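Participant: Curious how this folds, go ahead:
(one chain, ligands or ions: 1)
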Amino acid sequence: MSQNDQKKIAAEAALKFIKGGIVGVGTGSTVNHFIDLLEQVKHKIDGAVSSSEASTERLKSRGIQVLDLNATGELDIYIDGADESNRHLHLIKGGGGALTREKIIAGASRKFVCIADGSKLVDVLGEFPLPVEVIPMARSHVARQLVKMGGTPVWRDNFITDNGNLILDVHNLRILEPAKMEQEINNIAGVVTNGLFALRPADILLLGTENGVETIGTGY
Ligand code: 5RP
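Facilitator: All right, here's what the predicted structure looks like:
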């Protein structure tokens with residue numbers, strides 16, 4: 001089964017978790033499959049809160065109303081992809097650059113269902129470069145601090161986040177204590193947030209594999 005088909009079956013599995021109400025929607029190619037499927041049950045839901053301009057546009061094009069998180073209160077469910085996950089459901093996210101809004105919605109949701117293809121499951125996080133969103137004037141300062149922490153930050157070329165900021169992708173990290181590193185990086189002045197989701201991990205991971213969907217985690 002292709003990687004794209006694995007993403008598709010993970011997205012299909014997530015659809016079963018949608019019971020109504022307002023759905024938090026992430027960003028990326030796996031979530032795009034989910035949005036396309038969500039159209040089939042749009043009569044059951046009251047709308048979506050979106051983590052990016054790209055997802056907003058796709059949701060609207062499928063006739064799904066997009067709501068402001070400030071107007072919705074806490075959400076029952078958030079569906080999003082990941083660039084890496086370990087078996088504790090600590091994630092690296094932000095390959096698509098939407099990490100800050102994704103982290104806000106994950107934090108505002110009672111349940112976070114992560115959907116991904118099988119290549120995303122790893123033993124130790126960090127093979128995928130860790131995205132860090134930074135305020136533009138802080139770019140070099142933050143990069144120096146990340147080097148002190150053992151990483152190799154690379155400024156993402158020609159990329160501005162939906163919030164008007166920059167991304168540093170940090171290579172060469174072997175992240176053995178994800179929650180500690182998440183806090184340490186967030187403590188650097190000028191960092192908006194980083195792509196580690198360990199303080200608020202996923203509750204369940206639906207992993208598309210050659211043999212169907214593997215469910216990891218008992219948090220649901
Ligand atoms: C975007 C993300 C995505 O969830 C992550 O990059 C996974 O993307 P894809 O589903 O395309 O593999 O964090 O900021």
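Participant: Which residues of this structure lie near the ligand?
Facilitator: 26-30, 80-83, 93-99, 102 (CB under 6 Å from any ligand atom). All C-beta spots, glycine's among them, are computed from the backbone N, C-alpha and C.
Participant: Take those residues and keep only those in strands.
Facilitator: Judged by DSSP state E, the subset of the residues of the chain next to the ligand located in strands is residue 80.
Participant: Just the buried residues of the residues of the chain next to the ligand.
Facilitator: 26-28, 30, 80-83, 93-99, 102 (16 or more other CB atoms under 10 Å).
Participant: nearest spatial neighbour of residue 210, skipping sequence neighbours?
Facilitator: Excluding the flanking residues, the one nearest residue 210 by CB to CB, 6 or more residues apart in numbering is residue 1, at 5.4 Å.
Participant: Tell me the spacing between the one you found and residue 213.
Facilitator: 11 Å (CB to CB, to the nearest Å).
Participant: which one of those two has more residues nearby?
Facilitator: Taking neighbours as other CB atoms under 10 Å, residue 1 and residue 213 compare with residue 213 leading, 18 against 14.
Participant: With only the CA atoms kept, save the helix or strand hosting residue 22 in CSV.
Facilitator: Element membership for residue 22 (DSSP states H and E) is strand 21-25. Taking C-alpha atoms only, strand 21-25 is exported to CSV below (Å, rounded to 0.1, in the frame of the first residue of the first chain):
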residue,chain,number,x,y,z
GLY,A,21,-20.3,19.3,17.6
ILE,A,22,-17.4,21.4,16.4
VAL,A,23,-14.3,19.6,15.1
GLY,A,24,-10.7,20.9,15.4
VAL,A,25,-8.9,20.3,12.2
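Participant: could you say what helices and strands that strand packs with?
Facilitator: helix 29-38, strand 45-50, strand 75-80 (3 or more CB pairs under 8 Å, 6 or more residues apart in numbering; DSSP states H and E).
Participant: let's see 10 Å
Facilitator: On a contact count with 3 or more CB pairs under 10 Å, 6 or more residues apart in numbering; DSSP states H and E, strand 21-25 meets helix 29-38, strand 45-50, helix 53-61, helix 69-72, strand 75-80, helix 99-107, strand 109-117.
Participant: what sits against residue 188?
Facilitator: By CB atoms under 10 Å, 6 or more residues apart in numbering, the residues touching residue 188 are 132, 134, 138, 141, 142, 143, 144, 145, 146, 148, 149, 194.
Participant: Over to residue 33?
Facilitator: Counting by CB under 10 Å, 6+ apart, residue 33 has contacts 4-5, 7-12, 14-15, 81, 115, 208.
Participant: can you point me to the longest helix in the protein?
Facilitator: helix 3-15 (DSSP state H).
Participant: before we move on, the earlier item: in a markdown table: the helices and strands packed on strand 21-25, plus distance to residue 163 and mean pLDDT.
Facilitator: Below are those laid out as a markdown table (distance: least, CB to CB, whole Å; pLDDT from 0 to 100):
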| stretch | distance to residue 163 | mean pLDDT |
| --- | --- | --- |
| helix 29-38 | 19 | 98 |
| strand 45-50 | 14 | 98 |
| helix 53-61 | 10 | 98 |
| helix 69-72 | 14 | 98 |
| strand 75-80 | 17 | 98 |
| helix 99-107 | 6 | 98 |
| strand 109-117 | 19 | 98 |
